[in-house]
Structure formats: structure tokens, C-alpha cells
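Colleague: everything below, folded, please.
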Amino acid sequence: MRADVALTDIPAAATEGPWLGARPFEEAHFPRLLPAVFVGIAVAVDALLVIDAFALAFFLRAAPRDAAASALVAESPFWLAVMVAAVAITLLASRGLYDLEHPLPWPSQLYAIVSSVSVALVGVVVLSLFVDEPPAKSWSAAGSAIAIAALAVWHVAAARGYTALSRRIFPGRRAIVVGANVAGRESARELTEKGYQVVGYADNGTDLLDDIDRPLLGPIARLDELVQAFGVDELVIALPPDRRAQLSRVLTRGFGRRVRVKYAADFGELLPRRFHVRLIGARQYIDFAPVAPVSCVKRISDLGLAVIGLAALAPLFLAIAIAIKIDSPGPTFYRQIRVGKDGRRFEMLKFRSMQRDADGLVLGLLERNEVTGPMFKIRRDPRVTRVGRFLRRHSLDELPQLINVALGEMSLVGPRPPTAAEIEKYEDWELGRLRARPGITGLWQVSGRSEVPFHDMVRLDLHYIRNWSFALDVEILLRTIPAVLTTKGAY
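Modeller: Residues are numbered from 1 along each chain as shown. The predicted structure is shown next:
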């Protein structure tokens, strides 16, 4: 489409593109019914899955073989399953599991399902204590486990099914980007990648790009006409603050068609995922914590998993220690002073993977450094022993850090702890890495490890610190498994 055609003849421009004018009333309104119908189906299936899970657990326990067992089945507390289903569905809804337009990542979905079913079961069991026959622990626990597994599988399938169905039945949501500038072009590109149909720009300012990738549809004053002509669902505002006065008047007047308005607020990497908009006086403020508060659940899970891991991996520890002793002279463990949270120093443990005098040889190898920033790494480091090369390739040299985790010096997930020498070379903003307890694995490790440049590693760590959640930790731990198995970036 030519920009001059759109500017002079909006109806002609609207029929010139692939959108072919505004959609009829029924087509425009029917897409809003699909999420409601799908949510209704999802709620019904969730209820059936929970009830059937507890029924299956009860009947497997009862397994009627005689008259007494038959009487037990006849008196099964069906009300327990119904109550658990009702409470669990309410909790799932409150945690956003039925928001099909903005689905949660699957680790967050799993966490929501596990916590909702568990809380619902505990609440109902406590309630059952006030009746004559409390439910048996064996089948109620089994029922909750079956329900969690069934709900997890169903919601993954439902999310994919809804996405595929909506894309097949309906075209992408139509949008006009208000602002033909650099921010507007970036917004148009990102929206297109998410399946939106960006029909063009609306602008009349002085910061227009000389070369835009979509037609300039018209001025802001004719925005209502553009919305009607192109059947737009959303307006994306990418104007600088000093150019929003005219837009404010247009938005206040409203449109003859139902549209959503999105402001493309550009805060760079400063704004975390969790923030609030606060009204103080007559002005709205964006309120957020630069460092996400960390729940005590993280420390409890770290301690529990570290102790279990140390006990389970004891035979492997012994085998590695014997291999290190046979391969080269020196201690089994390598101890190095690292900098932890808020600058506190601690002694980090690793299985020794280099020859005994490795630290003294660093100065002679500095010119061969293969990573950026203050870190030092060589792909084929001559100091690494034969056993050490295998340990480093498969990240087995990091296992003793479970002891650091148990002592509270490290966490399972977090930024990698730097050395004191590296800290001296940090820029001010890079010191933000020290606001969290260091970890054995983190976003850097699951994103390519040594292949990720240092500044990108810092940005990944700062993103983790700003947006920490228990679900994010679970996601990183699960992503660590394929990262270790593929050995990408490990040397």
C-alpha cells in the first residue's frame, strides 16, 4: 500500500490491504466468546478430573471383594472430592490459570496446580475433622497426586489446543501503532512476531522515520476514522510524552468501535515483571522493588535438596575422589575465596580439575583468554588434567558446592560467585550481581555458559535478581538438565 493513498483516501486504503475493510459485527464479537467458552470447558474438565482422581484413588483402596468392602464403597465421601474440586478451581482462577490470552509459563502452571490442589485438600481435610468419619489419609493423598498429574497434562494440552484453534479460526488481532518513529517500528516488529496484524502507523509529528516498513495511514486527528475503516482491535501508543496532548483528546472522546489501548512504556531493563501502578494525589506512579523479595521457601528448599543430594551422591563423590587421586598428585577439593551476597566472602568448594599449581600459571596464560570482561577462561586450558577435563565437560566438578548450599553460603540457583580480582574490574552497575545469594546454576548457565559474553551474563543475572520467583527457580533447575547433558559452553 502506498502511504500517500492511505493519507488521502482512508476507505480506499482499508480495502486495498489483506484485511479487506472492517469485520462484520458477528465476526468482531465472536472472538470474544471463544475464551469464555473455552474457560467454561476448562473449568468443567478440571472439576471432573479432580473428582475422578479421588474416586479412582478411593476405589483402588477399597477394591470391593466382600460385603464389608462393598459397604465401604457405598459410603464413600463423594463430598470430599467435590469440595476439593471447588476450592482448587477457585485457587487456580485466582492465580491466572484460566487467562487464556496471557498464559503462564508451564513451570508457573505446575506450581499453581500443585499448590492449589494441596491447599484445597488440606482445607477440606481439616473441615472433615468435624464430621464423624474423617477421610483416610492413604486414598486422599493418592487422589491429590493423581489430580495434580491429570491437571498438569490437561492444562498443557488445553493451552496448546486453544492457541492452535484461535489461530486457525481467527486472524491475528489488528493493531495500529501510533507513532512512526524508532519505538513505533520496534513495537510493530514485536507485535508481528506475536501474531498481531499491524496494518500501519498513525502519526503527524516531526520525528517521522524516512523509511518505514508499513504504510502511514493518517494523522492522529483521524484516528477514530482509521479504527473504523481498518477494523482495528488495538491501538499501540509509541509517542514520546511531549507529543501525547492531541492523542489524549482523541482517546477522551472515544471510538465508535471497541478497542484496547496499549502504551509502549520504554523503561529498558529497569522495570521488572512485577510492578504496581499507584495513584498518589492526581498522579500515577509505577511502584516496584529493584531487588525482588526472596521467600524463605527458597532457603528451605535449598537446604533440603542439598542434604538429599549429598546423601544420594556420596558414592559418586567417592568415585570422583579416587579418580582425581589416581590421575594427578594434589588434594581432592579445590578451595577458592569467592564473593557472595552483599560482598561477603566465603570459601567455595570444587573437585580439583587442574594441576596443583594452576593458580600460579594464570599470568602466563592471560593473553590466551577467550572470554570478555574480567573473567578468565580458555577452551583448551593446558592446566586441566585428564579427569578434570571430563569433570568440567559434564559439570561434575561443581557438585561439592552442595556443601556451600547446605552451609547457607550459596543457593542452588543464583548468579555465579565472582572472585575478588574480578570484582575490582566491575563497573558500578555490574555490582548489582552481589545483591543475591550466588548459585550453582543460573540463567547464564542455561543460556550457553562460557559462550555468553560477560556483559550479557551480568544482564541475565540482574534480570533474575529483579524477577525472582520460586517458579523461575524451578524453570532454571529443569533447564539445567539438558544444558548439562548437551555440554554446550562447558570447558
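
Colleague: let me see the domain layout of this structure.
Modeller: 3-19+171-266, 27-169, 296-486 (automatic domain parsing).

Colleague: how long is the longest one end to end?
Modeller: Spelled out, that is domain 296-486. Distance across domain 296-486, first residue to last, is 33 Å (Cα to Cα, to the nearest Å).

Colleague: quick one: low-confidence ranges for the stretch 301-450 of the chain?
Modeller: 363-364, 367, 369-373, 449-450 (pLDDT under 70).

Colleague: where along it do the strands fall?
Modeller: 333-339, 345-351, 411-413, 439-441 (DSSP state E, counting those that start in this stretch).

Colleague: ranking those strands by burial, who's on top?
Modeller: Highest mean neighbour count among these (mean count of other Cβ atoms under 10 Å): strand 411-413, with a mean of 26. For the C-beta atoms, the positions are set from N, CA and C on the backbone; glycine is no exception.

Colleague: given that one, what are its sheet partners and their directions?
Modeller: Counting by DSSP bridges, the strands paired with strand 411-413 are strand 439-441 (parallel).

Colleague: could you list every helix and strand in contact with the longest helix along the chain?
Modeller: Identified as the longest helix of the chain according to DSSP state H is helix 25-62. Helices and strands touching helix 25-62, by 3 or more Cβ pairs under 8 Å, 6 or more residues apart in numbering; DSSP states H and E, are helix 67-74, helix 78-94, helix 137-169.

Colleague: tell me the most buried of these?
Modeller: Comparing these by mean neighbour count (mean count of other Cβ under 10 Å), helix 78-94 ranks first with a mean of 19.

Colleague: give the rounded mean pLDDT of it.
Modeller: Computed over helix 78-94, the mean pLDDT rounds to 85.

Colleague: got the CA positions of that helix in PDB?
Modeller: The C-alpha trace of helix 78-94 is given here as PDB (Å, rounded to 0.1, in the frame of the first residue of the first chain):
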ATOM      1  CA  PHE A  78     -18.100 -38.100  47.500                       C
ATOM      2  CA  TRP A  79     -18.500 -34.700  49.100                       C
ATOM      3  CA  LEU A  80     -14.700 -34.600  49.800                       C
ATOM      4  CA  ALA A  81     -13.800 -34.800  46.100                       C
ATOM      5  CA  VAL A  82     -16.400 -32.100  45.200                       C
ATOM      6  CA  MET A  83     -15.200 -29.800  47.900                       C
ATOM      7  CA  VAL A  84     -11.500 -30.200  46.800                       C
ATOM      8  CA  ALA A  85     -12.500 -29.600  43.200                       C
ATOM      9  CA  ALA A  86     -14.400 -26.400  44.100                       C
ATOM     10  CA  VAL A  87     -11.700 -24.900  46.200                       C
ATOM     11  CA  ALA A  88      -8.900 -26.000  43.800                       C
ATOM     12  CA  ILE A  89     -10.700 -24.400  40.800                       C
ATOM     13  CA  THR A  90     -11.200 -21.200  42.800                       C
ATOM     14  CA  LEU A  91      -7.500 -21.000  43.700                       C
ATOM     15  CA  LEU A  92      -6.500 -21.800  40.100                       C
ATOM     16  CA  ALA A  93      -8.600 -19.000  38.800                       C
ATOM     17  CA  SER A  94      -7.100 -16.600  41.400                       C
END
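
Colleague: now it and helix 25-62, what's the angle there?
Modeller: Orientation check (axes from the mean of the first three to the mean of the last three Cα atoms, to 10 degrees): helix 78-94 against helix 25-62 gives 140 degrees.

Colleague: which element follows helix 78-94 toward the C-terminus?
Modeller: helix 106-128 (DSSP states H and E).

Colleague: buried residues, that following helix. List them.
Modeller: Across helix 106-128, burial judged by 16 or more other Cβ atoms under 10 Å covers 106-113, 115-117, 120-121, 124-125, 128.

Colleague: from residue 232, how far out is residue 34?
Modeller: According to Cβ to Cβ, to the nearest Å, residue 34 stands 19 Å off from residue 232.

Colleague: who has more neighbours out of the two?
Modeller: Higher neighbour count among residue 34 and residue 232: residue 232, with 26 against 15, using other Cβ atoms under 10 Å.

Colleague: next, the more buried one: secondary structure please.
Modeller: Here residue 232 is recorded as coil under DSSP: H, G, I helix; E, B strand; the rest coil.

Colleague: and it, how far from residue 224?
Modeller: Noted for residue 232: a distance of 10 Å to residue 224, by Cβ to Cβ.

Colleague: ok, now residue 48?
Modeller: 47 Å.

Colleague: the more surrounded of these two?
Modeller: Just comparing residue 48 and residue 224: by other Cβ under 10 Å the higher neighbour count belongs to residue 224, 16 against 13.

Colleague: what residues are up against that one?
Modeller: By Cβ atoms under 8 Å, 6 or more residues apart in numbering, the contact list for residue 224 reads 250, 253, 255, 256.

Colleague: got a list of what the second one touches?
Modeller: It refers to residue 253. Per Cβ under 8 Å, 6+ apart, neighbours of residue 253: residue 224.

Colleague: how about the last one?
Modeller: Under the criterion of Cβ under 8 Å, 6+ apart, the neighbours of residue 256 are 224, 227, 228.

Colleague: is it correct that residue 232 is in contact with residue 200?
Modeller: No: using Cβ atoms under 8 Å, residue 232 and residue 200 do not qualify as a contacting pair, with a distance of 9.9 Å.

Colleague: quick one: which of the buried residues of helix 106-128 is nearest residue 354?
Modeller: residue 107 (35.8 Å; Cβ to Cβ).

Colleague: state the pLDDT value of that closest one.
Modeller: In this model, residue 107 is scored at 77, pLDDT.

Colleague: wait, what's in contact with the closest residue in space to residue 91 that isn't next to it in sequence?
Modeller: Among residues not flanking residue 91 along the chain, residue 116 sits closest, at 3.7 Å (Cβ to Cβ, 6 or more residues apart in numbering). By Cβ under 8 Å, 6+ apart, the residues touching residue 116 are 88, 91, 92, 95.

Colleague: coming back round to it: next, format the contacts of residue 224 as a markdown table and append pLDDT, secondary structure and distance to residue 377.
Modeller: Listed next are those as a markdown table, based on pLDDT from 0 to 100; DSSP: H, G, I helix; E, B strand; the rest coil; distance: Cβ to Cβ, whole Å:
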| residue | pLDDT | secondary structure | distance to residue 377 |
| --- | --- | --- | --- |
| 250 | 75 | helix | 55 |
| 253 | 74 | helix | 60 |
| 255 | 81 | coil | 57 |
| 256 | 77 | coil | 61 |
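
Colleague: and residue 202, how many residues sit next to it?
Modeller: Other residues lying near residue 202 total 28 when counted by other Cβ under 10 Å.

Colleague: same question, residue 476
Modeller: Counted with other Cβ under 10 Å, residue 476 comes out at 23.

Colleague: got the contact list for it?
Modeller: Residue 476 touches 413, 441, 442, 443, 446, 464, counting by Cβ under 8 Å, 6+ apart.

Colleague: in the stretch 151-300 of the chain, which spans are helices?
Modeller: Counting by DSSP state H, counting those that start in this stretch, the stretch 151-300 of the chain has helices at residues 182-193, 223-230, 245-253, 296-312.

Colleague: hey, which of those is tucked in deepest?
Modeller: Of the helices of the stretch 151-300 of the chain, the one with the most neighbours on average (mean count of other Cβ under 10 Å) is helix 223-230, at a mean of 21.

Colleague: pLDDT (mean, whole number) over that helix?
Modeller: Mean predicted confidence for helix 223-230 is 86.
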